[in-house]
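Here is my input; please provide its structure:
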Amino acid sequence: GWRKALAVDVEATLRILDSPKPVIAQIHGYALAGGLELAMACDLVVAAEGTKLGEPEIRYGSAPVTLLMPYLIGQKKTRELLLTGRRMSAAEAAHHGMVNRVVPGAELLTAALDLAAGIVASAPLSVAAILDIGRRTAQMDVGEAMTAIKNLESYRTAIDSEDAHEGNLSFVEKRSPVWKGR
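Just a heads-up that it's a prediction; the model follows:
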């Protein structure tokens, strides 16, 4: 039965990682084990002050399901956290790049909506291309990443779009762009 449960957990994480739209997580209180794995799969994470994050599975004879942490914060810090089961504060998670912003709990929704507003103001095809490029090249070396970017259809679609022309024109004309690629 655990293999079936594992498959379900991995699929849930992959749905977030493969989302064509940016995914923003808000975390408040505790983000542990599978909850932390889901938050780490998101493109942006806003955490409330006082939030604790961790992978305590080792204390219960288990291990993380998807193991996204080393891709975000590196091997040494990941080993420390996974081998001890230690929880970290939201501030420490932000320091290591696991969280984008730490805000008072009452400001959590506003901070997440502010991030979303910044994304919505951008060219939709470019947002999609950036997500695609970032996800595909995250584990490549620089040379491989540069080669991969120029071959990605999403990148070519974005830079050849009406939105790319509109973005350049609006910059020159010192006005807000009007996006068409939604």
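
Mind checking the pLDDT average for stretch 17-24?
Average pLDDT, stretch 17-24: 92.

Centre of the chain to it, how far?
Between the centre of stretch 17-24 and the centre of its chain there are 8 Å (C-alpha atoms, centre = their mean, to the nearest Å).

Please name the spatially closest residue to the residue nearest to the spatial centre of the chain (chain neighbours excluded).
With distances taken as C-alpha atoms, centre = their mean, residue 43 lies nearest the centre of the chain, 1.9 Å away. What sits nearest to residue 43 in space, not counting adjacent residues and going by C-beta to C-beta, 6 or more residues apart in numbering, is residue 22, at 4.5 Å. C-beta coordinates here come from the backbone N, C-alpha and C atoms, glycine included.

what about the one you found, which SS state?
Following DSSP: H, G, I helix; E, B strand; the rest coil, the label given to residue 22 is coil.

Please enumerate the helices of the protein.
For the chain, the helices defined by DSSP state H cover 2-17, 34-41, 69-73, 75-84, 90-95, 108-120, 124-137, 142-151, 153-159, 162-172.

Just name the most buried of these.
Per residue and on average, the most neighbours among the helices of the chain fall to helix 34-41, with a mean of 21 (mean count of other C-beta atoms under 10 Å).

Just the C-alphas of that one, formatted as CSV.
These are the backbone C-alpha positions of helix 34-41, laid out as CSV (Å, rounded to 0.1, in the frame of the first residue of the first chain):
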residue,chain,number,x,y,z
GLY,A,34,4.5,16.3,2.8
GLY,A,35,3.3,19.8,3.4
LEU,A,36,6.8,21.2,3.1
GLU,A,37,7.4,19.1,-0.1
LEU,A,38,4.3,20.7,-1.7
ALA,A,39,5.4,24.2,-0.7
MET,A,40,8.9,23.6,-2.1
ALA,A,41,7.3,22.5,-5.4
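
and the angle from that helix to helix 75-84?
170 degrees (axes from the mean of the first three to the mean of the last three C-alpha atoms, to 10 degrees).

when you give positions from now on, start the count at 553
All right, first residue 553 from here; so that's helix 586-593.

And for helix 586-593, what's in contact with it?
For helix 586-593, the external contacting residues (C-beta atoms under 8 Å, 6 or more residues apart in numbering) are 561, 564-565, 568-569, 575, 577, 579, 583, 597, 605-607, 616-618, 620-621, 624, 650.
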